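Engineer: No sequence on hand, only this structure:
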């Protein structure tokens, strides 16, 4: 029952954005037919947005009825004398569609789809002019031991150029590398506002993970991305700062002792997770930045290190256990602790966490889904995973690998986790779950309903097109790009490389419209442009009830030297086309229902 209620709720909440999006696209399409018909001297009887019963209507002096109809799934322009076989009085033949020459009829028919293409180019031009926020050319977390790390890249590096080509954002980095498989590339970088440095690396060739991309093989450099973990860490009990984050008698930088509001000692409910906002009043945004600043603070001449802490992880709606707002670390005591393990001059970003007995939170749980196997087994958010089936976990990547390898009928997984500084044990049986792959195929995977406490941050930069000619060029290049991608998607379906389950109907379009509008108007208009491209191509399909079918008939007429196809053949073709179109609509609707359920 809950599934049905959620389905109905999703559909109803999508109605408004769907009507707005589709209404604009339909209006532009039908306006194309309308304006060229008028130009060619054809009398237009009805201009309708929607099908079925007319809700609103207005009849102009020209005799054209402009109306909004009940079913908002299309529209139509009814022209005088458009039905083949209808007898037209001689005095009115100059107004009839069927009595116009074949080239005028072709122009009227093709105008609708072309208007959708022009609209897409116009929208993309507008989006280019107003600009958008895209990931900057600063690298996010560079994976240790990856090819990028071995080449010399480090987290936070700003890439200025690749083979002397200026780089403005991460999308350009990705595009450049993907276009050069098995090639040597020289990157000019800037690190920590220091001097510039060159790094030479060689890409490898891999299969393109995007099944609808133009290139099936692309260049790749492992270990780079634009996301960075936020400075949230798990503090071990043996850490020199553990007692400080669990004591509200810790001395703070303004000389006042911090006390818990209810007067209860925090030691009775010790915790390990803290979010660090700044070190010695210098803001910290990323985990890699935290490592750098900790090393600098320890090697500095200051006698204390002041950590400002946060109270929540908003992306998971988790409120962290209370800690002093400012934790003051006595550096003399801290250095004594570090000297037991290494020389002070050997401290670096690689070993600083190990020396301070703190870890990233990737093995801590940020989400435990309600009624999932993990929830039923007693796991909670902020628990830290320790091992699965006695296999010690080094990082989060180990967790899904073990769970995905689970087989039906296998014994329940033995989970060891840390809560309140004690290792606890539970058992759970992963649940077989259907997952939609990028190809549209459905794969069954075993899942337990957990997500890691990884709060990712992205450094954005504005991307904006300037200059009238550049704006127009950008709009058309984007429209052509999406036209190619859409055609490739269809081709991949026939090649069985992409599943036909990717075909989306009105319900999916409604949900996409709602989701994009929730993100913002930029995303909404971008979706509108992409769907406009789809309508442009869809209407050009040689199916007789579509514009493409009529176009095919008129082209055949041209080839035959002006001899028209018989009315009987047109009627048969339209009947077949109608069946094909209805079948396509029902199949896409079926796909929609399966996605929602």
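Structural biologist: Arrived safely. These numbers come from a predicted model, not from an experiment.
Engineer: For the helix or strand where residue 327 lies, buried residues please.
Structural biologist: Assessed by DSSP states H and E, residue 327 sits inside strand 326-330. Using 16 or more other Cβ atoms under 10 Å as the test for burial, strand 326-330 gives 326-329. Using the backbone N, CA and C atoms, a C-beta is placed for each residue, glycine as well.
Engineer: List the contacts of the helix or strand that it is followed by.
Structural biologist: Going down the chain from strand 326-330, the next helix or strand is helix 331-339, by DSSP H and E. Identification of contacts with helix 331-339 by Cβ atoms under 8 Å, 6 or more residues apart in numbering yields 240, 298, 302-305, 344, 347, 355-356.
Engineer: Please repeat the previous calculation with a cut-off of 6 Å.
Structural biologist: The contact list for helix 331-339 (Cβ atoms under 6 Å, 6 or more residues apart in numbering) reads 240, 303, 355.
Engineer: per-residue confidence at residue 150?
Structural biologist: Here the pLDDT value assigned to residue 150 is 95.
Engineer: how far is the host helix or strand of it from where the chain is centred?
Structural biologist: If you go by DSSP H and E, residue 150 is part of helix 147-151. What separates the centre of helix 147-151 from the centre of its chain is 27 Å, taken as Cα atoms, centre = their mean, to the nearest Å.
Engineer: just stretch 475-482 next, same as before
Structural biologist: 19 Å.
Engineer: Contacts for that stretch, please.
Structural biologist: 120-121, 124-125, 530, 533.
Engineer: wait, residue 418 sits on residue 382?
Structural biologist: No - if you go by Cβ atoms under 6 Å, residue 418 and residue 382 don't touch, sitting 9.9 Å apart.
Engineer: now what about stretch 71-82, what contacts it?
Structural biologist: Here stretch 71-82 makes contact (Cβ under 6 Å, 6+ apart) with 19, 26, 30, 33-34, 37, 42-52, 88, 95-98.
Engineer: Sort out for me which of those are in strands.
Structural biologist: 44-52 (DSSP state E).
Engineer: so which of these is the most crowded?
Structural biologist: residue 44 (23 neighbours; other Cβ atoms under 10 Å).
Engineer: Show me what it is bridged to.
Structural biologist: Beta-bridge pairing for residue 44 (DSSP bridges): residue 79.
Engineer: mind listing what it touches?
Structural biologist: With Cβ under 6 Å, 6+ apart, residue 44 has these contacts: 34, 37, 64, 77, 79.
Engineer: can you give me the strands in the stretch 151-300 of the chain?
Structural biologist: 158-162, 165-166, 184-190, 196-202, 204-207, 217-220, 227-229, 232-235, 273-279, 282-283 (DSSP state E, counting those that start in this stretch).
Engineer: and the ones you listed, which is most packed in?
Structural biologist: strand 232-235 (a mean of 23; mean count of other Cβ atoms under 10 Å).
Engineer: Show me what it is packed against.
Structural biologist: Using 3 or more Cβ pairs under 6 Å, 6 or more residues apart in numbering; DSSP states H and E as the contact test, the elements touching strand 232-235 are strand 358-360.
Engineer: do that again at 7 Å, thanks
Structural biologist: Helices and strands touching strand 232-235, by 3 or more Cβ pairs under 7 Å, 6 or more residues apart in numbering; DSSP states H and E, are strand 273-279, strand 358-360.
Engineer: Can you list the low-confidence ranges for the stretch 201-350 of the chain?
Structural biologist: 247-270, 322-323 (pLDDT under 70).
Engineer: Select only the buried ones of the contacts of helix 331-339 in ChimeraX?
Structural biologist: The buried residues among the contacts of helix 331-339 can be selected in ChimeraX (16+ other Cβ under 10 Å) with this line:
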select :240,355
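Engineer: Can you add distance to residue 186 and give the contacts of helix 331-339 back as JSON lines?
Structural biologist: Below are these laid out as JSON lines (distance: Cβ to Cβ, whole Å):
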{"residue": "240", "distance to residue 186": "43"}
{"residue": "303", "distance to residue 186": "45"}
{"residue": "355", "distance to residue 186": "35"}
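Engineer: for the contacts of helix 331-339, which one is nearest residue 320?
Structural biologist: When these are compared for distance to residue 320 (Cβ to Cβ), residue 240 wins out at 19.9 Å.
Engineer: any idea how far the closest one is from residue 518?
Structural biologist: 45 Å (Cβ to Cβ, to the nearest Å).
Engineer: Also residue 403?
Structural biologist: 31 Å.
Engineer: And for residue 199?
Structural biologist: Distance, residue 199 to residue 518, by Cβ to Cβ: 40 Å.
Engineer: next one: residue 320
Structural biologist: Taking Cβ to Cβ, one finds residue 320 at 28 Å from residue 518.
Engineer: again with residue 401
Structural biologist: Residue 401 is 34 Å from residue 518, by Cβ to Cβ.
Engineer: ok, now which ones touch the residue nearest to residue 190 when sequence neighbours are not counted?
Structural biologist: Nearest residue to residue 190 in three dimensions, chain neighbours excluded: residue 158, at 4.6 Å (Cβ to Cβ, 6 or more residues apart in numbering). Counting by Cβ atoms under 7 Å, 6 or more residues apart in numbering, residue 158 touches 137-138, 189-190.
Engineer: From those residues, pick the one nearest residue 221.
Structural biologist: Among those, and counting by Cβ to Cβ, the member closest to residue 221 is residue 189, at 13.3 Å.
Engineer: Quick check: closest non-adjacent residue to the closest one.
Structural biologist: residue 157 (4.7 Å).
Engineer: now do residue 292
Structural biologist: The nearest residue in space to residue 292 (Cβ to Cβ, 6+ apart) is residue 349, at 5.8 Å.
Engineer: In contact with the one you found, which residues?
Structural biologist: 291-292, 295 are the contacts of residue 349 under Cβ under 7 Å, 6+ apart.
Engineer: Reformat the residues you listed as TSV; add neighbour count and distance to residue 162.
Structural biologist: Formatted as TSV, the contacts of residue 349 follow (neighbours: other Cβ atoms under 10 Å; distance: Cβ to Cβ, whole Å):
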residue	neighbour count	distance to residue 162
291	22	27
292	19	25
295	17	30
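Engineer: so residue 504 is in which element?
Structural biologist: Going by DSSP H and E, residue 504 is not in any helix or strand.
Engineer: likewise the one 10 residues further on?
Structural biologist: When elements are defined using DSSP H and E, residue 514 is found to belong to helix 506-519.
Engineer: what's that helix packed up against?
Structural biologist: Using 3+ Cβ pairs under 7 Å, 6+ apart as the contact test, the elements touching helix 506-519 are helix 2-39, helix 521-538, helix 567-596.
Engineer: Tell me which residues touch residue 63, please.
Structural biologist: Contacts of residue 63 (Cβ under 7 Å, 6+ apart): 43, 45.
Engineer: how near is it to residue 43?
Structural biologist: Residue 63 is 7 Å from residue 43, by Cβ to Cβ.
Engineer: How about residue 285?
Structural biologist: 65 Å.
Engineer: neighbour-wise, which of these two wins?
Structural biologist: residue 43 (18 against 15).
Engineer: from memory that one sits against residue 95, does it?
Structural biologist: Yes - contact criterion Cβ atoms under 7 Å: residue 43 and residue 95 qualify, at 4.0 Å.
Engineer: Report the buried residues of stretch 461-481.
Structural biologist: For stretch 461-481, by 16+ other Cβ under 10 Å, it's 463, 465, 471-472, 474-476, 478-479.
Engineer: before we move on, what about stretch 581-589?
Structural biologist: Neighbour-count burial for stretch 581-589 [16+ other Cβ under 10 Å]: 581, 588-589.
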